[in-house]
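>>> Take a look and give me a structure for this.
(chains A and B)
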Amino acid sequence: DTAVSQTPKYLVTQMGNDKSIKCEQNLGHDTMYWYKQDSKKFLKIMFSYNNKELIINETVPNRFSPKSPDKAHLNLHINSLELGDSAVYFCASSPDGGAYEQYFGPGTRLTVT
Amino acid sequence: DQQVKQNSPSLSVQEGRISILNCDYTNSMFDYFLWYKKYPAEGPTFLISISSIKDKNEDGRFTVFLNKSAKHLSLHIVPSQPGDSAVYFCAASPSGAGSYQLTFGKGTKLSVIP
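Presented below is the predicted three-dimensional model:
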């Protein structure tokens, strides 16, 4: 029974396209996140979100936007894809109340050609 | 500016011996530290954590040590097993505002040789 799931696992698309990555968690957590792991293997926070607050990493281009239809889902929309967007994107979740341990999904490998 | 540094990209250890993975941080606001383990094509999995009010936390074969004055922490795995072969990420977080924000190191790839 998967705790944090992402679809698709692989995504290949052309520059300029708009794409979405879906994330769902069945842990009952209140906070969800998106991370980007680039070619240098750094895992960098992009967004953290709960029903009260969206925190955006200031380095994230506004072409990236999280959308949460409900507490269990946080989708990532990317407009006008660029070559530099190629990376592995991880969704994660954690309980609210300042708990630090985050539970990660399996990742989505995005390749922009 | 890397606020969390794992200076060893890889480490090889014989099965049964101790594995020691190191992590340094620069941000004095960090007061909670975590280790994650990652297998290929999977997401990181939480392994063990430590608060800055402690200097040691143990969970089975895994022990994390924290030296606040040196801004250094280490993960000890003993005895090491082939299934421990993975990439290990050190992560840190401040408390209070921004506590949701984990800052990760670049990872150390551990290979346990049978």
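
>>> per-residue confidence at the residue in chain A positioned nearest to chain B?
Here chain A gets closest to chain B at one residue, residue A:104, 3.2 Å apart by CB to the nearest CB. Heads up, the C-betas are built off the backbone N, CA and C, glycines and all. Residue A:104 carries a pLDDT value of 94.

>>> just residue B:96 next, same as before
Reported pLDDT at residue B:96 in the predicted model: 63.

>>> ok, now which ones touch residue 27?
Let's take chain A. Contacts for residue A:27 (CB atoms under 8 Å, 6 or more residues apart in numbering or on different chains) come out as A:3, A:4, A:93, A:95, A:103.

>>> You answered for a different chain; I wanted chain B.
Under the criterion of CB under 8 Å, 6+ apart, the neighbours of residue B:27 are B:3, B:92, B:94, B:103.

>>> and if you look at residue A:108?
Going by CB under 8 Å, 6+ apart, residue A:108 touches A:6, A:7, A:8, A:9, A:10, A:11, A:21, A:88, A:89, A:90.

>>> Which ones, among those, also lie beside chain B?
residue A:90 (CB under 8 Å from any CB of the partner chain).

>>> Would you mind confirming that the residue of chain A closest to chain B is in contact with residue B:37?
No. Applying CB atoms under 8 Å as the test, residue A:104 and residue B:37 come out as separate, 10.8 Å apart.

>>> so what sits against both of those two?
B:44, B:45.

>>> who wins for neighbours among the contacts of residue A:27?
The member of the contacts of residue A:27 that has the most neighbours, counting by other CB atoms under 10 Å in any protein chain shown, is residue A:93 with 26 neighbours.
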